[in-house]
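# below are the sequence and a predicted model; questions follow.
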Amino acid sequence: MAERAHLTPVPGPEPEPATDAGTLLTAVARGDEKAFAKLYDLVAPRVYGLIRRVLRDPAQAEEVAQEVLVEVWRTAARFDPSRGSPTAWVFTIAHRRAVDRVRAEQASADRTMRAGVASVDLPYDAVADEVAVRLERQQVRHCLDDLTGLQRQAVTLAYYQGHTYPQVSELLNVPLATVKTRMRDGLIRLRDCMATGAAA
């Protein structure tokens, strides 16, 4: 009887090391676009969900979610791990932005109501807050207009509509790698545009 050959197990692919949000955020602070793409996939749906619970209007929630993730990209270096987890930091930004939007909308509604009843001026702070919010919204829209068509579509689908990279790839019928590249390039251009606007 022939001796059976010994079978050697074939090693499977090495699992990708799990990357936590803190490591990703540290890399984002150094300008690592790939790390930002992973961080985006990790937190974007939850950021939108949190904001959506504060804002009733889905369109406004999508707009605020975009502003939050752009802020995370721009200010990642400010994250202090001694003061809490990286996701808590991101969600704090999201909650603050959502509350700011509610307050700005309420201030606008209050102003309209008071103007209809009597000619009463709004306090300076309320006017300044509303103007700041509206100017930032206009700046985001202006910066989006500076992107290429594919960059703008990808960013809009991801930020405004909460789609993941694979979903954006399917919706635009372009390869996933192309979507990720265009998204990273678009976010870098948005960051630079917003920084230029803030310095102006």
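Cool, the structure landed. The shown structure was predicted, so the numbers you read here are calculated from the model rather than taken from an experiment.
# next secondary structure after the lowest-mean-pLDDT helix or strand in the chain?
The helix or strand of the chain with the lowest confidence, counting by mean pLDDT, DSSP states H and E, is helix 124-145 at a mean of 61. Scanning forward in sequence from helix 124-145 by DSSP states H and E, the next helix or strand is helix 149-155.
# mind giving me the packing neighbours of that next one?
Under the contact definition 3 or more CB pairs under 8 Å, 6 or more residues apart in numbering; DSSP states H and E, helix 149-155 sits against helix 124-145, helix 165-172, helix 176-199. Any C-beta I mention is one placed from the backbone N, CA and C, and that applies to glycine too.
# the closest residue to E71 other than its chain neighbours: how many residues sit nearby?
Leaving aside its sequence neighbours, E71 sits nearest to I93 (CB to CB, 6 or more residues apart in numbering; 5.8 Å). When neighbours are defined as other CB atoms under 10 Å, I93 has 19 of them.
# what's the residue closest to the geometric middle of the protein?
L69 (2.1 Å; CA atoms, centre = their mean).
# what's the spacing between that one and Q106?
L69 sits at a distance of 24 Å from Q106 (criterion: CB to CB, to the nearest Å).
# likewise F79?
F79 is 30 Å from Q106, by CB to CB.
# any idea of the mean pLDDT for stretch 172-188?
Mean pLDDT, stretch 172-188: 81.
# residues in contact with it?
For stretch 172-188, contacts defined as CB atoms under 8 Å, 6 or more residues apart in numbering pick out 33-34, 36-37, 40, 70, 73, 147-148, 150-155, 157-158, 165-166, 168-169.
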